[in-house]
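Trainee: model the following, please.
(5 chains)
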Amino acid sequence: MTSIKRRSKKAGLAPGTLIHMGRAKAGATRVDMVEYDATHLEKHRVASLDRCLIRPDSPTVSWINVEGLSDLEVLRHFGSCYGIHPLVLEDILATDQRPKAADYGDYLYVVLKMIELDDATGEIKSEQVSLVLGRNYLISFQEGLEGDVFEQVRNRLGNEKARLRTMGADFLLHALLDVIVDHYFLVLEKLADRIEELEDEVIENPAPATVQSIYHLKRQMLFLHKAVWPLREVVSGLQRRDSRLIDDATIIYLRDLYDHTVQVLDTLETLRDMLSGMLDIYLSSVSNRLNEVMKVLTIIATIFMPLAFVVGWYGMNFKHMPELDWSFGYPMVFILCLSISGGMLLYFRKKRWL
Amino acid sequence: MTSIKRRSKKAGLAPGTLIHMGRAKAGATRVDMVEYDATHLEKHRVASLDRCLIRPDSPTVSWINVEGLSDLEVLRHFGSCYGIHPLVLEDILATDQRPKAADYGDYLYVVLKMIELDDATGEIKSEQVSLVLGRNYLISFQEGLEGDVFEQVRNRLGNEKARLRTMGADFLLHALLDVIVDHYFLVLEKLADRIEELEDEVIENPAPATVQSIYHLKRQMLFLHKAVWPLREVVSGLQRRDSRLIDDATIIYLRDLYDHTVQVLDTLETLRDMLSGMLDIYLSSVSNRLNEVMKVLTIIATIFMPLAFVVGWYGMNFKHMPELDWSFGYPMVFILCLSISGGMLLYFRKKRWL
Amino acid sequence: MTSIKRRSKKAGLAPGTLIHMGRAKAGATRVDMVEYDATHLEKHRVASLDRCLIRPDSPTVSWINVEGLSDLEVLRHFGSCYGIHPLVLEDILATDQRPKAADYGDYLYVVLKMIELDDATGEIKSEQVSLVLGRNYLISFQEGLEGDVFEQVRNRLGNEKARLRTMGADFLLHALLDVIVDHYFLVLEKLADRIEELEDEVIENPAPATVQSIYHLKRQMLFLHKAVWPLREVVSGLQRRDSRLIDDATIIYLRDLYDHTVQVLDTLETLRDMLSGMLDIYLSSVSNRLNEVMKVLTIIATIFMPLAFVVGWYGMNFKHMPELDWSFGYPMVFILCLSISGGMLLYFRKKRWL
Amino acid sequence: MTSIKRRSKKAGLAPGTLIHMGRAKAGATRVDMVEYDATHLEKHRVASLDRCLIRPDSPTVSWINVEGLSDLEVLRHFGSCYGIHPLVLEDILATDQRPKAADYGDYLYVVLKMIELDDATGEIKSEQVSLVLGRNYLISFQEGLEGDVFEQVRNRLGNEKARLRTMGADFLLHALLDVIVDHYFLVLEKLADRIEELEDEVIENPAPATVQSIYHLKRQMLFLHKAVWPLREVVSGLQRRDSRLIDDATIIYLRDLYDHTVQVLDTLETLRDMLSGMLDIYLSSVSNRLNEVMKVLTIIATIFMPLAFVVGWYGMNFKHMPELDWSFGYPMVFILCLSISGGMLLYFRKKRWL
Amino acid sequence: MTSIKRRSKKAGLAPGTLIHMGRAKAGATRVDMVEYDATHLEKHRVASLDRCLIRPDSPTVSWINVEGLSDLEVLRHFGSCYGIHPLVLEDILATDQRPKAADYGDYLYVVLKMIELDDATGEIKSEQVSLVLGRNYLISFQEGLEGDVFEQVRNRLGNEKARLRTMGADFLLHALLDVIVDHYFLVLEKLADRIEELEDEVIENPAPATVQSIYHLKRQMLFLHKAVWPLREVVSGLQRRDSRLIDDATIIYLRDLYDHTVQVLDTLETLRDMLSGMLDIYLSSVSNRLNEVMKVLTIIATIFMPLAFVVGWYGMNFKHMPELDWSFGYPMVFILCLSISGGMLLYFRKKRWL
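Mentor: Purely as a prediction, here's the structure:
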């Protein structure tokens, strides 16, 4: 929801205008740089951006990670150094982008969502990641939330024997996309666990809160679907794209990534179908309980209303009521009441209500 | 609904016949003109249309905004000056057009809806905007409702450094489409707010009015969907179109606009899914309340019907009822009644009704 | 439904066999002919069909309207005069055709439905119209129901300045298709009115008859959808078709017609969505009423059952019931009853049932 | 369902293995042959298959109809005489084929379902028909159920003037497909009749059996859909196919057949939509009846519970109950009871429950 | 569900890393090899993998079946011997693959699910099968569950006359795919049986457990659909693929396989539609039962509440109640009660509640 609201701030401004549309971020923008080739690796935090960080003819691969988007100057710096189009800069700032990829000739722009499930609240936290792939560099822009999923890629870079070290920036792009998609599986796994719990709950002990949980999970699914569905197109496009920035050796890995993305969508679809089925079960279980309640009521009423009539009958004060004077009148009423309730019980047994 | 009705006025007339199909408009038709290039800008209200306003070889860009469609002569004037096809003129008048774009070689015709949410009534107000793009001019026709969303474009035109000033009429077309689509976000934001309110209401305090609100919002969504869905095709067509009226530099901006349009549709779809889910919650919550009511009834009946039978029993007037004479008869009945109601309460506790 | 039944009469006959499949038509077949060019117009009823009516090299456009299909000889006459394929003649007779267009080289065959809403019964009346377009002629075949929608085209033909007079038979084809599609709007408008009435009814005073009305309207929509949906393909095909029978000047008008057809479908879809939403409202409103009824019952039962127990208690005939002899026993019971009902009312108020 | 079971018998056998998968058929396999050209016609039952029946260079058209698939030798005979692929022979035996057409160069294989509605049980009976079209012959294989729908084709063959006699085997293929599709209309007509009866029933007198009928019809529709849906592709393929076995003159007839197939699907779709709508009506009608029942109960309870309290009150045995001694006490209670029930009735009238 | 969880173990690892993601497998990895051509056949269990098993120029076909994936060395062995890409090896280990086929030039990789229905638990057991097809070899990798469906293929290989023996490794690929798909029919048959049982149950004796069974079956269907739906694409791709590894003679068999796969999907779809329909029946049947229960309650209450009022009336203790002294008072009340209950019964009969 919040993403919808943020967007409207920008209504009517010239396209390419750089303004903050995301959450206000107090912390400073941090820029980290890794330069590597098969034999060397150098990491450092970039202190000042007074000159362009990457020489276009550098033989090494440079990965610049920008954490936090509060400092518009940083964006402008990269824009002017690497010739990034103002619309791309605007998209990087607008943190409600639909996942997409666009080829600008000299560089490739990919934007997607990095997600995490907050274990405490059960809410999905999502952070937009923009990736700009050049010939020998990759710049990643993150919104600046605490933590990211790239740690594993950094570790792999540290390993000299890793394939990552011997290949170009396009393979780094694949590696980053891959960890992001792999984290979708982590989130889906947690959601699947909660759906299985709900499944037991809905069958054994359905309560109004169960429906709210189902609805809540459905919303999460909706959110995930919105994030992953366009990603399929993005990855499929990257793999088919005849961009000179992407090497043939990387294509096969992108195909693998595509398979993973489709699998995420498949799983999502399955979980959604399960949630829908659960609502049907819930409703039928509520109906069944109503039936059960009404049967109890009906059995009680059907047995005791005739009995109440009988005892009311002999509570009448007519002068002339011969039965009242019979000595066997009282036991007769007792037997009558027994027969009535017995007959009723037999009738309900026959109707399988008991 | 009203749009359906208006259309039928025209049934059977020759295509290209100019008649009023929209709302009767009392106010006069106003024509405003802006002529600009990178260095100059001239605005004025056009008083008389005795000659064609734009010379075909003018180096400046002209934007003519026509507010109100009541004066058919105005339309005919533009038709004859710029060679606009009668069917296009008819479409401009028919204010229930489906968004579309058509390339007539010398000019491009685009029609779409400008929407606003009336805060007081919660109703969406929609006004049809027709845009005719020529080589060095753009004519916009509005139905004539109070206000429009173009003010921001006028402001940007006033700024000499704006990119808008250095580019052609096709960029102006983009600018106008862009503000219109941006306003869809504004409307969606307000609707999203109301959906969130409804969400709380449906969970905490569902009332019959809630369903009506859901239905009402669904209708608004239906309306928006009808307005935005074809727009996607329109913008996608403009961006792919090899019209010589649209410059390559503008295409990249149209692609950006396309992304926005898809995002509007995505958001719309998400909101619709949320509304559908809410109805399910509402119905299950109504069922739950019924269950609760029935449980109260059943508990009361099940406790008091047997008790009523017992006290009715000892209200009988048989001569020979030995218990009546026992001194401990009365406390015995008291204990009996206590046991019956206690037993029932235990039974309900076991069934988790209490 | 009736259309399904008619079709089966033909099962197993050779294709191209001419038999009556439509409604038995008592009236004779009427043939009317209009010959026109920009300057002349001649109308007459054709009395006898002993020779072919149109010379293939005639410079004028001929429109032959055949009303009623009872006389098979008339069909055979046109078949042999203009070389119409037996399968086309069979299709003309089979008045349950799906709208379609087929290009037979020398002529173009178009079949579609002309519809009207019977104001008295609310039923849609539909009549099949077959159009055979040749180089300089157009033959229209109607089933023969009272009245048609072509009157406005006849009037326009009477007007010497009408564009219709200066163009070929293909423009006449467009004109006829156009009035037919325009009449769909008229029918949709009336249906939309009734849907709006139903909408008020379903919210304010839902009754079982409302559901039947919704169902009835849904069936009408189903029928319309079946008639209009294939029409889209037909018109789209005509406009793209490189038939030498259709002039380029007409294509632009057919594109306009295509837009109208799509709009009819859009409107239809919107109305169907509204009807579906209404059923949801109806059901939720029925559930709400049930809840309300049950609350009344439960409140009454919950107040009076304990009271009945109390008064039953002091109606017992035990010898030893000390309270009966107390002088303040009777007012005490009165106060007890007041407290019980007061307490219950407070409980219900707390539960918001009152 | 039975078709699913039969299939599993074959699991794991080599493709092309001939075994019986259909119903056990006691009767012998009958082979009938018709040889014809424009002037001659010869029919006979084939007694022995010791030599191939058709010479490849015969100028006449041969139609061999094989009734019953119990004799595998017969199949092998045709397989070896006309070079039919083992997989085709296997498909002929597997009587649960999805309708399909396959071009094997020398011959064309078409398989589809011939259906009939058993009037007694209301069940659809289906028989698989395999057609093998060669240059100058057509072999049809039927499962061997009593009767077929080809009688009308045989009659037309008997008529010397029939177009069927002057054309090739491909036209015979069309003729057989045509009668099969025409019989779908017959079945749909009968189903439509029953749906209309159900429609009246569901509105006027819905009973649990109505739902079962709806469900039963839905299953029939499902079955028909499964049989007809792939047929569309089949006929569309035949008509587009550039097989040298199908003459151009036949193509136009296949196009006609395609239209019929689409119409069958359309009708099927309409009937399915009607059935779905009916279930909604049924459920809303059941809800309405429940509401009605509950209103009766509530009215009765609401009137008589207060009255029972009143009369219970004056049935108490307190010594000191002044009203009991009043002479106007008894009529006073009468008036009180009248007022209570009158007031309740007014309340219900106000609530429109009466 | 479990498949979702397994996947997440791998999140963030480099693609191509070989780790166990499936179930922990205690048993050792078994490798069996069959070498055959038209005249010879040799089977043996492979004891050690110290050299590559297949010479690239061997004229015979080799089928290596690897049972169990616990020994990563085995995988690495095949990877290095036949040049299999690390991503393929990773996919073989990741036992939650979506069915897919990929052409790597020298070899073709196909992965799919082998399923079985556990008769005891009614659960579907699924095992992933990876097939690597080279020019003269086929390697199949199974997860290592007890038993497989390939026994029949082994038997056919034992038969010298089998077509399998005379054709290449591509035909063996087809044979293995074919038995796997045939086993889908076996599973569907068993599910269809259970659906038919449920169908009777839901009509004759619906219980809450019925809904759970429906839901359970729906989940099975969901699972099957997920396994079979992509398979259609896979087989369709194989049949169209211009891989030099697949012979033209095999293509026709793959087409047959494709037909079977589509039929599995069709059947699946039919069963799913039937299950959906059943839930509707269940709900309507629950509603009907509720109606029935409420009618019994209402009839009893409506008859006995007025009677209770009458007898309560004459149980009042007013001094002045003339009827009490009438000698015909008591029989009069008897008649009154008879009339009330008789009248009520007539009323219910009229309303068709009885």
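Trainee: touching chain E at all, stretch A:173-188?
Mentor: Yes - shown here: stretch A:173-188 in contact with chain E (C-beta under 8 Å from any C-beta of the partner chain) through A:H174, A:A175, A:D178, A:V179, A:D182, A:H183, A:F185, A:L186, A:L188. Using the backbone N, CA and C atoms, a C-beta is placed for each residue, glycine as well.
Trainee: and the residues you listed, which of them are in helices?
Mentor: A:H174, A:A175, A:D178, A:V179, A:D182, A:H183, A:F185, A:L186, A:L188 (DSSP state H).
Trainee: picking up where we left off before, among the residues of stretch A:173-188 next to chain E, the buried ones, what's the ChimeraX command?
Mentor: Here is the ChimeraX selection string for the buried members of these, based on 16 or more other C-beta atoms under 10 Å in any protein chain shown:
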select /A:174,175,178,179,182,183,185,186,188
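Trainee: would you mind giving the residues of stretch A:173-188 next to chain E as CSV with pLDDT added?
Mentor: Output for the residues of stretch A:173-188 next to chain E, formatted as CSV (pLDDT from 0 to 100):
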residue, pLDDT
A:H174, 95
A:A175, 94
A:D178, 94
A:V179, 93
A:D182, 91
A:H183, 92
A:F185, 90
A:L186, 90
A:L188, 92
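Trainee: nearest to chain D, of the residues of stretch A:173-188 next to chain E?
Mentor: Minimum distance to chain D across these is 33.1 Å, recorded for A:L188 (C-beta to the nearest C-beta).
Trainee: number of nearby residues for A:D242?
Mentor: 6 (other C-beta atoms under 10 Å in any protein chain shown).
Trainee: that one in helix, strand or coil?
Mentor: coil (DSSP: H, G, I helix; E, B strand; the rest coil).
Trainee: what's the answer for A:V111, then?
Mentor: Going by three-state DSSP: A:V111 is strand.
Trainee: got the contact list for it?
Mentor: Shown in contact with A:V111 (C-beta atoms under 8 Å, 6 or more residues apart in numbering or on different chains): A:D91, A:I92, A:Q97, A:P99, A:K100, A:A101, A:Q128, A:V129, A:S130, A:L131.
Trainee: from the ones in helices among the residues of stretch A:173-188 next to chain E, pick the one nearest chain C.
Mentor: For those, the nearest to chain C is A:L188 (31.3 Å; C-beta to the nearest C-beta).
Trainee: hmm, the closest one is touching A:L271, no?
Mentor: Yes - assessed by C-beta atoms under 8 Å, A:L188 is found in contact with A:L271 at 7.1 Å.
Trainee: shared neighbours, those two?
Mentor: Counting by C-beta under 8 Å, 6+ apart, A:L188 and A:L271 have no common neighbour.
Trainee: contact residues of chain A facing chain D?
Mentor: A:G315.
Trainee: tell me the gap between the lengthiest helix in chain A and the middle of its chain.
Mentor: If you go by DSSP H, chain A has its longest helix at helix A:248-313. Taking C-alpha atoms, centre = their mean, to the nearest Å, one finds helix A:248-313 lying 21 Å from the centre of the chain it belongs to.
Trainee: and that helix, what does it pack onto?
Mentor: helix A:169-204, helix A:208-240, helix A:329-350, helix B:248-313, helix E:86-93, helix E:208-240, helix E:248-313 (3 or more C-beta pairs under 8 Å, 6 or more residues apart in numbering or on different chains; DSSP states H and E).
Trainee: quick one: average pLDDT of the shortest one?
Mentor: It stands for helix E:86-93. Throughout helix E:86-93, pLDDT has a mean value of 91.
Trainee: go on, the last one?
Mentor: For helix E:248-313, the mean pLDDT works out to 91.
Trainee: and it with helix E:169-204, angle?
Mentor: 10 degrees (axes from the mean of the first three to the mean of the last three C-alpha atoms, to 10 degrees).
Trainee: who touches the helix or strand following helix E:248-313?
Mentor: Next helix or strand after helix E:248-313 toward the C-terminus (DSSP states H and E): helix E:322-325. By C-beta under 8 Å, 6+ apart, the surrounding residues in contact with helix E:322-325 are A:N317, A:F318, A:K319, E:Y314, E:G329, E:M332.
Trainee: not counting sequence-adjacent ones, nearest residue to the fourth one?
Mentor: Just to be clear, that refers to E:Y314. Ranked by C-beta to C-beta, 6 or more residues apart in numbering or on different chains and with sequence neighbours excluded, the top spatial neighbour of E:Y314 is A:M316, at 4.0 Å.
Trainee: the one you found: neighbour count?
Mentor: 24.
Trainee: residue contacts, it?
Mentor: So A:M316 contacts B:N317, E:V311, E:Y314, E:G315, E:Y330, E:V333 (C-beta under 8 Å, 6+ apart).
Trainee: next one: the last one from chain B, what distance?
Mentor: Computed as C-beta to the nearest C-beta, to the nearest Å, the E:V333 to chain B distance reads 14 Å.
Trainee: that residue touches E:V310, doesn't it?
Mentor: Yes - the pair E:V333 / E:V310 is scored as a contact, 6.4 Å apart, by C-beta under 8 Å.
Trainee: quick one: low-confidence residue ranges for chain A.
Mentor: By pLDDT under 70, the low-scoring segments of chain A are A:1-12, A:20-27, A:241.
Trainee: domain assignment for it?
Mentor: What the record gives for chain A is the domain set A:2-284, A:289-350, from automatic domain parsing.
Trainee: ok so, going back, format the helices and strands packed on helix A:248-313 as CSV; extra columns: distance to D:L49.
Mentor: Output for the helices and strands packed on helix A:248-313, formatted as CSV (distance: least, C-beta to C-beta, whole Å):
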stretch, distance to D:L49
helix A:169-204, 61
helix A:208-240, 56
helix A:329-350, 65
helix B:248-313, 64
helix E:86-93, 52
helix E:208-240, 34
helix E:248-313, 26
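Trainee: and the residue of chain A that's closest to chain C?
Mentor: Closest contact between chain A and chain C, by C-beta to the nearest C-beta, is at A:G315 (7.0 Å).
Trainee: next up, the contacts around that residue.
Mentor: By C-beta under 8 Å, 6+ apart, the residues touching A:G315 are B:G312, B:G315, B:M316, B:N317, C:G315, D:G315, E:V311, E:G312, E:G315.
Trainee: next one: phi and psi at it?
Mentor: phi -100, psi 0 (degrees, to the nearest 10).
Trainee: so how far is B:E323 from it?
Mentor: 15 Å (C-beta to C-beta, to the nearest Å).
Trainee: residues from chain A in reach of chain C?
Mentor: Residues of chain A lying close to chain C by C-beta under 8 Å from any C-beta are A:G315.
Trainee: one more time with 10 Å, if that's ok
Mentor: Those residues of chain A that sit near chain C, judged by C-beta under 10 Å from any C-beta of the partner chain, are A:L297, A:A308, A:V311, A:G312, A:G315.
Trainee: residues contacting A:S62?
Mentor: A:33-36, A:42, A:53-55, A:134, A:136-139, A:169, A:172 (C-beta atoms under 10 Å, 6 or more residues apart in numbering or on different chains).
Trainee: looking at the residues you listed, which are in helices?
Mentor: A:A169, A:L172.
Trainee: contacting residues around whichever residue of the stretch 151-300 of chain A sits closest to chain B?
Mentor: Using C-beta to the nearest C-beta, the single residue of the stretch 151-300 of chain A nearest to chain B is A:L297, 4.1 Å away. A:L297 makes contact with B:294-295, B:297-302, B:305, C:301, E:293-294, E:297 under the criterion C-beta under 10 Å, 6+ apart.
Trainee: roughly how far apart are it and A:D50?
Mentor: As judged by C-beta to C-beta, A:L297 and A:D50 stand 83 Å apart.
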